[in-house]
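J.: Model the structure of this input:
(chains A and B)
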Amino acid sequence: MLVRTALMAALIGALGLVPPIFLPVLPGVPISTQNLAVMLAGLMLGARGGAAASALFVLVVLLGAPLLTGGRGGLGVLAGPTVGFFLGFVPGAYVTGLLAERLRFSAFLSALVAAFVGGVLVVYLCGIPALALVAGIGLERAALGTAVFLPGDVLKSIAAAVLASTVMARWRAGSR
Amino acid sequence: MIGGYLAGHSLLHRLPAGVKLIGLAALSVLLVPVGDPFVLVLALAVVVIVYASFGRQGVARLFQWRPLLPVLLMIGALQLWAASFEVAAASILRILLMVLLADLVTLSTRLQDMMDALMVVLRPFERLGLDARRLSLAVALVLRFVPVLVAGWHGRAEAWRARSGRRPGLALVGAFFAGVLKNADQVAEALEARGFAADQTPPAGEGRG
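T.: Below is the predicted model:
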């Protein structure tokens, strides 16, 4: 479990380093895949394991590893406007895992709903108030600014659900 | 190896990590009520000079925060619309200043020293079941895995380009994840073979990770 937790944390970090994927649906808009890995952590490791992997990632970034999208890292992240989205990874992965365990739809649909609610809604719920606070722009405007990322995040939820219910399903069954 | 540390012998480098962290926290609190853009520009200039004193690498370090620019511009635009130029300038400057100050601590402190400072804070939690040794092993594993994963991704992307000439697409993702998972289980087995049992605390005094 330790290794899998560390691996998922590393995956979140690695996806912050690889050049963003360009999707044919949204030409020209680079999609960072970092929060895709957060959703996967929740789907793959469950609520507690997913939260542990995300917390480990947060810790490693704060210790100084430049693993946030675009090569950011260190304590400076805590002072930046995106701090809420960053720290929101932990509850986001937790809720994703919790919902994936509880929901009783088909494997794909459960994963999709869990990834969207946990990996997008919960993360926004942490990120938007922090953005409003750090930037002093008020909740409404912070939400408005965040809405730009919603289409990409919906696509990432779908991708996470597809991956979790296909490639990674066998691995999860054998998780220790 | 990845890491936010920039080797050097400046005064900042020589201060203990704990002192720097407490100093940073104090400065952050002091900065919050400052609303005068002029004062903030001055402070920012001082910080930039400190970065410049680290030479070319220090200046390059400033550009690490370039991805923050679009967000800052958005914040500036929203505040210009809601409040005034002064308020917009002050909040952008304050965010930049705080980020750069915090990064000064990161770039002047070795990861291991940061980890040790953290352990001091975490020690009381050991009674609640937190295992500091396992935590450092986990951090070390993450730092080791990241370049392996990135290399794995680039290897697949190159193989793709050699064959198709198009930009690597979604098809690569599945193969990448499948490989990642296989890797994890091999490392887990290797660790177990060296005395790190899968779910229990390793025997004391044995195994160096």
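J.: Nearest residue to A:Gly13 in space, please, no chain neighbours.
T.: A:Leu67 (3.6 Å; C-beta to C-beta, 6 or more residues apart in numbering or on different chains). From N, CA and C alone the C-beta is placed, and that goes for glycine too.
J.: What is the burial count for that neighbour?
T.: For A:Leu67, the neighbour count with other C-beta atoms under 10 Å in any protein chain shown is 25.
J.: Quick check: it touching A:Phe57?
T.: Yes. Using C-beta atoms under 8 Å, A:Leu67 is in contact with A:Phe57, at 7.2 Å.
J.: between the two, what contacts are shared?
T.: Counting by C-beta atoms under 8 Å, 6 or more residues apart in numbering or on different chains, the shared contacts of A:Leu67 and A:Phe57 are A:12-13.
J.: Counting neighbours, what do you get for B:Asp131?
T.: Around B:Asp131 there are 14 residues (other C-beta under 10 Å).
J.: what's the pLDDT at it?
T.: We have a pLDDT of 79 for B:Asp131.
J.: Can you tell me how far it is from B:Ala193?
T.: B:Asp131 is 20 Å from B:Ala193, where distance means C-beta to C-beta, to the nearest Å.
J.: give the contact list for the residue nearest to A:Gly13.
T.: A:Leu67 touches A:12-14, A:16-17, A:57, A:60-61, A:73, B:2, B:146, counting by C-beta under 8 Å, 6+ apart.
J.: try B:Leu101
T.: Neighbour list for B:Leu101: A:76, A:79, B:24, B:27-28, B:47 [criterion: C-beta under 8 Å, 6+ apart].
J.: does any part of stretch A:116-126 sit near chain B?
T.: No. On the criterion C-beta under 8 Å from any C-beta of the partner chain, stretch A:116-126 is out of touch with chain B, staying 14.8 Å away.
J.: Now do the helices in chain A.
T.: Secondary structure of chain A (DSSP state H): helices at A:2-17, A:34-63, A:76-79, A:83-87, A:89-102, A:107-116, A:123-135, A:139-146, A:150-165, A:169-173.
J.: Can you tell me which of the contacts of A:Leu67 has the largest number of neighbours?
T.: Neighbour max across the contacts of A:Leu67 (other C-beta under 10 Å) = A:Phe57, 32 neighbours.
J.: thought that one was touching A:Phe86?
T.: No. Using C-beta under 8 Å, A:Phe57 is not in contact with A:Phe86, being 9.3 Å away.
J.: quick one: low-confidence ranges for the chain?
T.: Looking at chain A here, since you left the chain open. Within chain A, the segments meeting pLDDT under 70 span A:18-32, A:70-71, A:168-176.
J.: ah, I was thinking of chain B
T.: Looking at chain B by pLDDT under 70, you get B:1-3, B:167-171, B:196-209.
J.: Please enumerate the helices of it.
T.: Under DSSP H, chain B gives helices at B:11-14, B:17-31, B:37-52, B:56-62, B:69-82, B:85-108, B:111-122, B:132-164, B:171-193.
J.: Please work out which of those is packed deepest.
T.: Highest mean neighbour count among the helices of chain B (mean count of other C-beta atoms under 10 Å in any protein chain shown): helix B:85-108, with a mean of 22.
J.: Tell me how far A:Gly64 lies from B:Leu104.
T.: Counting by C-beta to C-beta, the gap from A:Gly64 to B:Leu104 is 12 Å.
J.: rewinding a little: need the contacts of A:Leu67 in JSON lines (columns: distance to A:Arg102).
T.: Converted to JSON lines, the contacts of A:Leu67 look like this (distance: C-beta to C-beta, whole Å):
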{"residue": "A:Ile12", "distance to A:Arg102": "23"}
{"residue": "A:Gly13", "distance to A:Arg102": "28"}
{"residue": "A:Ala14", "distance to A:Arg102": "29"}
{"residue": "A:Gly16", "distance to A:Arg102": "29"}
{"residue": "A:Leu17", "distance to A:Arg102": "33"}
{"residue": "A:Phe57", "distance to A:Arg102": "24"}
{"residue": "A:Val60", "distance to A:Arg102": "29"}
{"residue": "A:Val61", "distance to A:Arg102": "30"}
{"residue": "A:Gly73", "distance to A:Arg102": "34"}
{"residue": "B:Ile2", "distance to A:Arg102": "37"}
{"residue": "B:Val146", "distance to A:Arg102": "32"}
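J.: any idea which of the residues you listed is closest to B:Phe176?
T.: A:Ala14 (9.6 Å; C-beta to C-beta).
J.: could you list every residue that touches the closest one?
T.: Contacts of A:Ala14 by C-beta under 8 Å, 6+ apart are A:37, A:67, B:145-146, B:149-150, B:153.
J.: Just want the most central residue of chain B.
T.: With distances taken as C-alpha atoms, centre = their mean, B:Gly4 lies nearest the centre of chain B, 6.4 Å away.
J.: so how many other residues sit close to the residue lying closest to that residue once chain neighbours are set aside?
T.: Distances taken as C-beta to C-beta, 6+ apart put A:Gly64 closest to B:Gly4, at 3.2 Å, once the chain neighbours are dropped. A:Gly64: 26 surrounding residues under other C-beta under 10 Å.
J.: From A:Ala130, how far out is A:Gly64?
T.: Distance from A:Gly64 to A:Ala130, by C-beta to C-beta: 21 Å.
J.: do the same with A:Leu139
T.: Separation of A:Leu139 from A:Ala130 (C-beta to C-beta): 11 Å.
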